[in-house]
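Asks: what follows is a predicted protein model with its sequence.
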Amino acid sequence: MNQFDAIDSGEEVTSDDYTPEIEPQPTWCPGCGDYSVLKALKGAMSDLGRDPEEVLLVTGIGCSGKLNSYFDSYGFHAIHGRTLPLGRAAKMVNEDLEVVAAGGDGDGYGIGGNHFTHTARENHDMTYIVFNNEVFGLTKGQSSPTSPKGHTSKTQLKGVAKDPVRPMSLALSAGASFIARTAATNPKQAQEILVEAIEHDGFAHVDFLTQCPTWNKDGAQYVPYIDVQESDEYDFDVTDRREAAEMMHETEQALYDGKVLTGRYYVEEDRRTYQEEKQARDEMPESPVVGQYFDDEKEWERSYERLDRHT
Amino acid sequence: MTQDELIWRIAGGSGDGIDSTSQNFTKALMRYGLHVYTHRHYPSRIRGGHTYVEVRASEEPVTSRGDGFNVLLALGDSFARNPSAGAVYGDEKTKPLFENLDELNEGGLIIYDTGVLEDEDVGDLETQATENDWHLYPIDLRAIAREHGRDVMRNTAGVGATAALLDMPLDPIQELMSEAMGGDILDANLAVLSDAYEHTNAEFEATHDLRIPKHDHDEEQVLLSASHGISYGAIDEGCRFVSGYPMTPWTDVFTILKREIEDLGGVAEQVEDEIAASMMAIGASHAGAKALTGSSGGGFSLMSESIGLAEMTETPLVMVEAQRAGPSTGMPTKTEQSDLEFVLSTSQGDSSRVVFAPGNVKESYEQTRLAFELAYEYQLPAIVLYDDMLTGEFRNLPRSFFDREPNPDLGSIATEAELADLPHDVGGRYERFRTDGDTDVNPRSLPGMRNGRFLATGNEHWPDGQIAEDTANRIKQMNRRVSKVEVVRDALAEQASPDTVVGDEDADFALLTWGSQKGVVEEAVRRLTEAGHSIKALSVSQMAPLRTEEIADFLAGVEEALVVEMNATGQFKGLLQKEFGDYGDVLSSLLKYNGDPFEPAEIIEAVEIKQSGEGGDTSSETTLYPPAGDRS
Ligand SMILES: Cc1ncc(C[n+]2csc(CCOP(=O)(O)OP(=O)(O)O)c2C)c(N)n1
Ligand code: SF4
């Protein structure tokens, strides 16, 4: 008996299906970019026809982490920086789930930086959305890993002495197989990119520029974006690692000069996902681990037979 | 045995094959019909450095390493890098011989390798031997190894010589070798073995008393460590996901499960750090697999925040904590029981969990199974706490002990059909954290199930999981979570107690211990009783929730109780005093924290000092606190 009926249910889905019946009082400030991520993600899920009960959204801590409260699927609002290992393990035991992880730039590129590197490297089949507002929102505006050099805040009184993290370049060198940047000010592109990211087989990293009107009024996120795929000025091959790297570098630099470039930067279609790699090595079963618990035919082996090497 | 029992110590350099040789020899003794027990001592080095394994074998069941030992097979250290006596680390080459002599019992045998240790290395060994009634058997093991194979087979030669001197037939050893290897390697080893055997018989007239008796087990035995017990317990409970990061000695369980779990259709992952390991176990468990993670002190520290997350989200989580000597990196390969306080309260807030500290291989299997059952039934973290000593201690158990049903039951989990009938909020979210139900534990739903969606969050939450700071709800949720421990306590009370009492029920002098020191305390009690003392002991392995009633019953009428544990601060004694709020005058501590487990004689000595009424301190490497005689 299948215990996971929501998966591939084939039912028609709309954005409203992802909206909680009683919407909690938003804790996001008016004008916050996070509202756009929510809208784009709901839209993407309905475009893809995903049933809310087959989706597991894992979030971290921060304003971004509140995404789960307004998105009515299976959800796990975890701890600061730890979305990726939680999400990827869920995917490893049930490949049929749609796993999306989301968190802030402090969450993902700071405290969770190690997990980011390794999840990308392993190319888990999941989507990772980073709300990049260049500050810590929830803890009141301290500088984050993506804050520009010189950014001042209550804990960086003389201006940040560090160069900012370059998230897309980091994702590329770590091994992500889909990398894009979009912006809250561009809802249409954001939704399209999320659809592609979710559909992508492998680790899809979306650096989502979100404005924080409360703590980062000067952020470049407010500036009208340029879509690198639509503009003739930027001609590069998204499947070419070297060209992608150059474009990312240029984009990441441009942001601090007040120019917002968005779009897909790297797409690698033929790379095996981590699940596939492990299956090819007989390190993972072909059908979901969790299915075994509901399979009446399955013979559960006792350790008794495995003890022979100890006699 | 003609002279009590065999305690054979094989000593050499790390990397000299001490572990595998001793394990095979132990198995041979087991197949020969004896009860066996091993104790491993190794330095935190990959190559070189003095290491030994002790094997105790007897016609009677063995529960501890025993006192000292009576056969030394000193291989010398072939990896010794600095053989000069004045070097910082001493004379590495002769360490395997001389570092062990302190503990060699009177009448004992010494077999040493004249291929590695020459006359000038050995110095006044003969004089020492005469003084202590030791029997010396210098044999060129290296030459025998070289003749048929390679230098490393010195250990096989040593085993051959041991067998000859103890009058032990070679067939169980040969049998095991043929099972473990093949081809040229096997032939060479077999040749080395029998050559050493014959050479020893021809060369020496045995002057010692020790001979191996032939004995029989009623049924087939297996040789396992507590790490195997934990691993097979997990497998039999349907654990199909393990994530970890290497750290001694937790790595033992991790490697066993890695080898086993994939064959069974599961997943085993070495990940980037312990934080990831614990978060992955939570993710896998949340999605519906039975999962395990674990570490040792430092790595477990990194998991603190995840434990709290599992508690708050009510995600089943089974963890192993393999203690070693701390604090910090401490002594990576040495044993200690000093993480008790830490494990009982790791993570912030009013947090609760189930903690077992198995006392032997059998309990490690049973209590791991129980940890899974409780974690999945009551949706909380369950921790199996053991220590380096138990990871490396192999013992024989009847094979039939493991002949029991597997349990793939996911615990309190609803089917889709059941979910349809359970309460939902107006928007159709499943009220997984309901506080007004009949039970404190609401069934789980799994992502992908119809009618089951809810939010799991580390923040305080409403019944459907939505974040909430409402005070009334907070109190209800908190009460519900806290009361789960009471539900667990009641459920455990229905089960046979894992805490065992031995000795004279009416004794007014008692010993208390926990976890790994169970066997040695019990042996001390047995021997003290034989010597006419009235004494009893309680070994506790259910650390949380503690079986307070049983402990109180045990302590009623006791005038003095010595709490035996391997740490410097008396953590278990502190726990007892916290739980009971008294016994301040009754309880005192016998502590050992030099990195080695207790030997029975050390406990006997402390009891005798205590009972003599004269005060004084122990002569050995243990500490009485407060010192005997200090109390009015
Ligand atoms: C281990 C830990 N450290 C610190 C915090 C406090 N904290 C909460 S949110 C946050 C920063 C969030 O910044 P970011 O990830 O950029 O998200 P935003 O709020 O901007 O969306 C911090 C430091 C925490 N919850 N846990
Ligand atoms: S603090 Fe900034 S990031 Fe947080 S909700 Fe307000 S605007 Fe958004």
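Replies: Okay, I see it. As the structure is a prediction and not an experimental result, all values here were calculated from the model. Ligands and ions are numbered 1, 2, ... in the order given.

Asks: outside of the helix or strand containing A:Ile179 itself, list whatever touches it.
Replies: Following DSSP states H and E, the helix or strand that holds A:Ile179 is strand A:178-183. Here strand A:178-183 makes contact (Cβ atoms under 8 Å, 6 or more residues apart in numbering or on different chains) with A:33, A:40, A:168, A:171-172, A:189-190, A:193-194, A:196-197, A:200, A:202-210, A:221, A:225, A:244, A:248, A:251, A:260-268. All C-beta atoms are positioned from the backbone trio N, CA, C, and that covers glycine.

Asks: so what strands line up beside that strand?
Replies: Here strand A:178-183 has these sheet partners by DSSP bridges: strand A:203-209 (parallel), strand A:260-267 (antiparallel).

Asks: mean confidence score for the last one?
Replies: This points to strand A:260-267. Mean pLDDT, strand A:260-267: 98.

Asks: next structured bit after that strand?
Replies: The helix or strand immediately downstream of strand A:260-267 is helix A:274-280, counting by DSSP H and E.

Asks: cool, the first one as well?
Replies: Scanning forward in sequence from strand A:203-209, with DSSP H and E defining helices and strands, the next element found is strand A:225-227.

Asks: what does the average pLDDT come to for that next one?
Replies: Strand A:225-227 comes out at a mean pLDDT of 95.

Asks: tell me the secondary structure of the residue in chain B positioned nearest to chain A, please.
Replies: Per Cβ to the nearest Cβ, B:Gly427 is where chain B lies closest to chain A, at 2.7 Å. With DSSP: H, G, I helix; E, B strand; the rest coil as the basis, the three-state label of B:Gly427 is coil.

Asks: that one: neighbouring residues, count only.
Replies: Neighbours of B:Gly427 under the rule other Cβ atoms under 10 Å in any protein chain shown: 14.

Asks: so it makes contact with A:Glu23?
Replies: No. Using Cβ atoms under 8 Å, B:Gly427 is not in contact with A:Glu23, being 9.1 Å away.

Asks: find the closest residue to chain B in chain A.
Replies: A:Glu21 (2.7 Å).

Asks: thinking again about what came up before, for ligand 1, which of the strands paired with strand A:178-183 is the nearest?
Replies: strand A:203-209 (10.7 Å; Cβ to the nearest ligand atom).

Asks: any idea of the mean pLDDT for that closest one?
Replies: Mean pLDDT, strand A:203-209: 98.

Asks: cool, stretch B:620-632 as well?
Replies: 76.

Asks: my read is that B:Phe356 contacts B:Ile383, right?
Replies: Yes. With contacts counted by Cβ under 8 Å, B:Phe356 reaches B:Ile383, the gap being 7.3 Å.

Asks: pull up the overlap in contacts between these two.
Replies: Common contacts of B:Phe356 and B:Ile383 (Cβ under 8 Å, 6+ apart): B:Ala371.

Asks: quick one: residues contacting A:Ala197.
Replies: A:127, A:129, A:178, A:180, A:204-206.

Asks: check which helix or strand it maps to.
Replies: helix A:187-199.

Asks: got the buried residues for that helix?
Replies: A:187, A:189-198 (16 or more other Cβ atoms under 10 Å in any protein chain shown).

Asks: and that helix with strand A:260-267, angle?
Replies: Angle, helix A:187-199 to strand A:260-267, by axes from the mean of the first three to the mean of the last three Cα atoms, to 10 degrees: 20 degrees.

Asks: so how far is helix A:187-199 from its chain's centroid?
Replies: In terms of Cα atoms, centre = their mean, to the nearest Å, the centre of helix A:187-199 is found 12 Å from the chain centre.

Asks: now swap in stretch B:301-308 and tell me
Replies: 23 Å.

Asks: give me the contact list for that stretch.
Replies: Against stretch B:301-308 from outside (Cβ under 8 Å, 6+ apart): A:79, A:82, B:273-275, B:277-279, B:282, B:293, B:295, B:317, B:319, B:342, B:346-349, B:351, B:353, B:381, B:458.

Asks: PyMOL command for the buried members of those?
Replies: Selection of buried members from these for PyMOL, criterion 16+ other Cβ under 10 Å:
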select buried, (chain A and resi 79+82) or (chain B and resi 273+274+275+277+278+279+282+293+295+317+319+342+346+347+351+353+381+458)
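
Asks: of the contacts of stretch B:301-308, which belong to strands?
Replies: B:293, B:295, B:317, B:319, B:381 (DSSP state E).

Asks: export these to CSV and tack on distance to chain A and pLDDT?
Replies: Formatted as CSV, those follow (distance: Cβ to the nearest Cβ, whole Å; pLDDT from 0 to 100):
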residue, distance to chain A, pLDDT
B:Thr293, 10, 98
B:Ser295, 14, 98
B:Leu317, 12, 98
B:Met319, 15, 98
B:Pro381, 14, 98
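
Asks: with distance to B:Leu73 added, can I get those residues in JSON lines?
Replies: Output for the ones in strands among the contacts of stretch B:301-308, formatted as JSON lines (distance: Cβ to Cβ, whole Å):
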{"residue": "B:Thr293", "distance to B:Leu73": "39"}
{"residue": "B:Ser295", "distance to B:Leu73": "34"}
{"residue": "B:Leu317", "distance to B:Leu73": "44"}
{"residue": "B:Met319", "distance to B:Leu73": "38"}
{"residue": "B:Pro381", "distance to B:Leu73": "44"}
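
Asks: of all these, which comes closest to ligand 2?
Replies: Nearest to ligand 2 among those, with distances taken as Cβ to the nearest ligand atom, is B:Leu317, at 30.8 Å.

Asks: surely that closest one touches B:Pro381?
Replies: Yes. B:Leu317 is within contact range of B:Pro381, at 4.4 Å (criterion: Cβ under 8 Å).
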